[in-house]
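J.: Mind folding the following:
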Amino acid sequence: MGIWARRALQMAQHLSMLHHTALMGTCTKSIAPAFAQQQQTQLLHKLAPPVLQAAHLYQHQQQARFSDARLRTICSSVAARAPSIKPKWDSETAKKALAALSEEPAAFAQGVEVLDSIVKVYTVYSRPDYFLPWQNHPKRESTGTGFVIRDRLILTNAHVVADQTYVTVKRHGSGTKYRADVVGVGHDVDLALLTVEDDDFWTGGDDGAAGSMKPLQLGDVPQLQEQVLVVGYPTGGDNTSITSGVVSRVEVTQYVHAASHLMAIQIDAAINPGNSGGPALRGDVVVGVAFQNLPHADNIGYIIPLPVVRRFLSEVMKYGYYRGFCSLGIVFQTMDNPHLRKALGMTGHQSGVLINRIQPTTSTAKVLQKGDVLLEFDGVPIANDGTVHFRARERIFFTSLNTLKPTGSTVHVKVLRGGRELEYDLQLEPLQTLVPVHKYDQLPSYFIYAGLVFVPLSQPYLHEYGDDWMSNSPRRLVDKALNSLMQKPGQQIIVLSQVLVDDINTGYQQFQNLQVGFD
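T.: Modelled structure (predicted):
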């Protein structure tokens, strides 16, 4: 053995005695190794050649097995393969409940039966700590609302049960809580499906509740100025609350839970914490699902429209889980400026939006180009402000057209390129982002080596800097999170989040929040 190999062995043996070995052994069993040997080498060579290469050499010689028994494994995982909290498929009740999505109910709730089909949801949840990814924040409790849409199937908001560890539900007029299981969730659309195995919950049991629960009927998008009732269990009481309002507008807005932009309906009925997941009713028919309000404004609430709900249900029915809404994967700008339109050779009757960037991993990148003007989407003309015709005297942003398309569907687009109109067919798929916007129901990914903690960059990691994370977190990481596009499938940004101080890594403490990988 040469002198450098002996020194490497001595350094690595010292590494195995680090005080941090106890921390490195606390990873949950569900986290699987995912950093390839080549990725490890790239990280180690970049950070500390004299020390870390020696440790790496020893790891290679010992086939990743250290002499210290406490250091049983190097905890590592990767964002794209982080373990998820899967829906419960181990019960026949759950399978039967999802199978009911393909069957129309024999009868719907009417009159007083409607309230019997609306339930209160109690959730115990624990959010991961992305600064200390081997542990969670303390458990907390929250409440929400849900309603029956099929036999043994309850619809609620995804944020009501996000990161849940225990969920119970209680019927209207009942004093008993029943254990519920999450059998489907779509965080992008803020919707989730629950089921309850206990037959007493569905029949009423002996606790004074009414008889069997009937599903509520799903309707369509309500008209402007149409009156709706929002039913739920807002904070401040334990009984059902009913508020009324009218439809103010229908537009694409941001869903706060996952920062997605989808069709939503604005109403002037009060939607408070606890109302989330409750139905918005027109008579006995559901026209939306309450999910958020506008902060610092009086009586401005939002409900999820039925086209979004049906898109979620059809995905779960087809695949057994929700895959996500479709996207073209483009960054564009409107064409309100007449000089810009003239420069691009647009005639007076042409309108559309200018494509500035295209994510290379999408099917769009194979046929469209930067500088194209998107004129039509599936035969629907796009205005210069990016809107399309929706209903009489109503317009909506054109992105609502592709977000409601089924996964894998083909759409026809018309673009203007170099003064010529060209037509293409595109296949739509859910968009995979370079920096994940949310990581609900997943354990954080991380890799610890010589006290250096590496994590994939994600917005939940930046959220640990507080509510004003865009100002408080490192500017270069915020820019990456908001503006970077994925160049190849599975790509991610690796960050050295912190250094667990020890003799072996003395002098490297200043390298925290440093981007060290882009693979």
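J.: by contact count, what packs against whichever strand in the chain runs longest?
T.: Identified as the longest strand of the chain according to DSSP state E is strand 241-255. Using 3 or more CB pairs under 8 Å, 6 or more residues apart in numbering; DSSP states H and E as the contact test, the elements touching strand 241-255 are strand 227-232, strand 260-267, strand 301-305, strand 394-397. In short, each C-beta sits where N, CA and C put it, glycine included.
J.: Run me through the strand neighbours of the helix or strand just after the longest one, direction for each.
T.: Put plainly, it is strand 260-267. Using DSSP states H and E, the next helix or strand after strand 260-267 towards the C-terminus is strand 279-282. Using DSSP bridges, the strands paired with strand 279-282 are strand 227-232 (antiparallel), strand 285-293 (antiparallel).
J.: Ok, which of those comes nearest residue 331?
T.: Proximity to residue 331 (CB to CB) singles out strand 285-293 among the strands paired with strand 279-282, at 25.5 Å.
J.: Would you agree residue 317 falls within a strand?
T.: No: according to DSSP: H, G, I helix; E, B strand; the rest coil, residue 317 belongs to no strand; its state is helix.
J.: Which secondary structure state does residue 295 sit in?
T.: Applying three-state DSSP: residue 295 is coil.
J.: pLDDT score for it?
T.: At residue 295, the model reports a pLDDT of 84.
J.: distance of it from residue 368?
T.: Noted for residue 295: a distance of 37 Å to residue 368, by CB to CB, to the nearest Å.
J.: So between the two, which is more surrounded?
T.: residue 368 (22 against 7; other CB atoms under 10 Å).
J.: Find the helix or strand that residue 98 is a member of.
T.: Secondary structure (DSSP H and E) places residue 98 in helix 92-99.
J.: whoops, residue 114 was the one
T.: helix 113-116.
J.: That helix: how far from the chain's middle?
T.: Mean C-alpha position of helix 113-116 versus that of the full chain (CA atoms, centre = their mean, to the nearest Å) differs by 31 Å.
J.: now the angle between strand 227-232 and the helix or strand following that helix, please.
T.: Next along the chain after helix 113-116, taking DSSP H and E as the criterion, comes strand 118-125. Put simply, strand 118-125 runs at 50 degrees to strand 227-232, going by axes from the mean of the first three to the mean of the last three CA atoms, to 10 degrees.
J.: Relative to strand 118-125, what are the paired strands and their orientations?
T.: strand 140-150 (antiparallel), strand 164-171 (antiparallel).
J.: just how off-centre is it within its chain?
T.: Counting by CA atoms, centre = their mean, strand 118-125 comes out at 20 Å from the chain centroid.
J.: again with stretch 461-477
T.: With CA atoms, centre = their mean, you get 18 Å for stretch 461-477.
J.: Could you pull out the helices in the chain for me?
T.: 3-16, 21-24, 37-47, 49-61, 92-99, 113-116, 158-161, 199-203, 306-319, 338-343, 399-403, 459-463, 469-472, 475-483 (DSSP state H).
J.: circling back: make CSV out of the strands paired with strand 279-282 and add distance to residue 131 and mean neighbour count.
T.: CSV is the format used below for these (distance: least, CB to CB, whole Å; neighbours: other CB atoms under 10 Å):
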stretch, distance to residue 131, mean neighbour count
strand 227-232, 35, 22
strand 285-293, 27, 26
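J.: Any regions of this structure where pLDDT drops low?
T.: Along the chain, the parts satisfying pLDDT under 70 run over 1-94, 205-210, 517-519.
J.: I'd like to check which residues are in contact with residue 314.
T.: residue 406 (CB atoms under 8 Å, 6 or more residues apart in numbering).
J.: Revised request: answer the last question for residue 242.
T.: 229-231.
J.: Among the residues you listed, which one lies nearest to residue 379?
T.: Using CB to CB, the contacts of residue 242 come closest to residue 379 at residue 230, 36.0 Å.
J.: Tell me the bridge partners for the closest one.
T.: Under the criterion used (DSSP bridges), residue 230 bridges to residue 243, residue 280.
J.: so it touches residue 303, yeah?
T.: Yes: with contact defined as CB atoms under 8 Å, residue 230 reaches residue 303; the gap is 7.5 Å.
J.: anything in contact with each of those two?
T.: Common contacts of residue 230 and residue 303, defined by CB under 8 Å, 6+ apart, comprise 267, 271, 280, 290.
J.: could you redo the residues you listed as CSV and give each row distance to residue 430?
T.: Compiled in CSV, these are given as follows (distance: CB to CB, whole Å):
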residue, distance to residue 430
267, 29
271, 28
280, 27
290, 25
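J.: And the residues you listed, which is closest to residue 125?
T.: Closest to residue 125, out of all of these and judged by CB to CB, is residue 290, at 19.6 Å.
J.: distance of the closest one from residue 257?
T.: Counting by CB to CB, the gap from residue 290 to residue 257 is 13 Å.
J.: Then residue 203?
T.: 33 Å.
J.: quick one: which of the two has more around it?
T.: Per other CB under 10 Å, whichever of residue 203 and residue 257 has more neighbours is residue 257, with 21 against 13.
J.: May I have stretch 385-393 exported as CSV, CA atoms only?
T.: Written as CSV, here are the backbone C-alpha positions of stretch 385-393 (Å, rounded to 0.1, in the frame of the first residue of the first chain):
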residue,chain,number,x,y,z
ASP,A,385,-53.8,39.1,-24.3
GLY,A,386,-53.6,35.3,-24.1
THR,A,387,-57.3,34.7,-23.5
VAL,A,388,-59.8,32.5,-25.4
HIS,A,389,-63.6,32.5,-25.7
PHE,A,390,-65.3,30.8,-22.7
ARG,A,391,-68.9,31.7,-22.6
ALA,A,392,-71.1,34.6,-23.8
ARG,A,393,-69.2,37.8,-23.0
